[in-house]
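Engineer: missing the sequence, but the structure's below:
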């Protein structure tokens, strides 16, 4: 990943800065990346997972198109530039822990490089046992009590 001394990849002539208030809220992994879950804005379908550093997030927030950091190619890529299957940003949210982004998009064409609508079609269902709701549960609560185990993950 480029740093402030090496500059950007060749896809953009100048580097930009992510708003420091947003940057301070992010909890990055050891490679300075945050997971970005991409969801179709109107159906709620989860389309894919990508990775963003501060620059990719800044580009996503300011251009209206989703930009990722490619861990394999070590460069920025904007979804759809070669395939035409663009992701037009509708909203971007940060989770409560600051370690994941939810990018809601209008997906044009396939989201997956395999040509499927979502990346989760190609991988297939793993056959998990479907759990039962606790007795008396009718609908999810609109204001759930925090789960102390989840807060520490």
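Structural biologist: Good, I have the coordinates. The model shown is predicted, which means the values in this text are computed figures rather than measured ones. Numbers count the residues shown, from 1 in each chain.
Engineer: for stretch 70-85, how far is the first residue from the last?
Structural biologist: 17 Å (CA to CA, to the nearest Å).
Engineer: and that stretch, how far out from the chain middle?
Structural biologist: Centroid separation between stretch 70-85 and its chain, computed with CA atoms, centre = their mean, to the nearest Å, is 14 Å.
Engineer: what comes up buried for it?
Structural biologist: For stretch 70-85, burial by neighbour count (16 or more other CB atoms under 10 Å) applies to 76-80, 85. For glycine as for every other residue, the C-beta is placed from the backbone atoms N, C-alpha and C.
Engineer: residue contacts, the spatially most central residue of the chain?
Structural biologist: The centroid of the chain falls nearest to residue 36 when counting by CA atoms, centre = their mean (1.6 Å). Residue 36 makes contacts with 49-52, 57, 60, 66, 68, 100-103, as judged by CB atoms under 8 Å, 6 or more residues apart in numbering.
Engineer: bridged to it, which residues?
Structural biologist: residue 50, residue 101 (DSSP bridges).
Engineer: following element in sequence after the longest helix anywhere in the chain, please.
Structural biologist: Counting residues, the longest helix in the chain under DSSP state H turns out to be helix 54-63. Next in sequence after helix 54-63, counting helices and strands by DSSP states H and E, comes strand 67-70.
Engineer: hey, where'd the strands end up in this protein?
Structural biologist: All strands of the chain, identified by DSSP state E, fall at 34-40, 46-52, 67-70, 75-78, 87-94, 100-107.
Engineer: where does pLDDT dip in this structure?
Structural biologist: Counting by pLDDT under 70, the chain shows low-confidence ranges at 1-16, 139-153.
Engineer: are any of the contacts of residue 36 buried, and if so which?
Structural biologist: Buried, going by 16+ other CB under 10 Å: 50-52, 57, 60, 66, 68, 100-101, 103, out of the contacts of residue 36.
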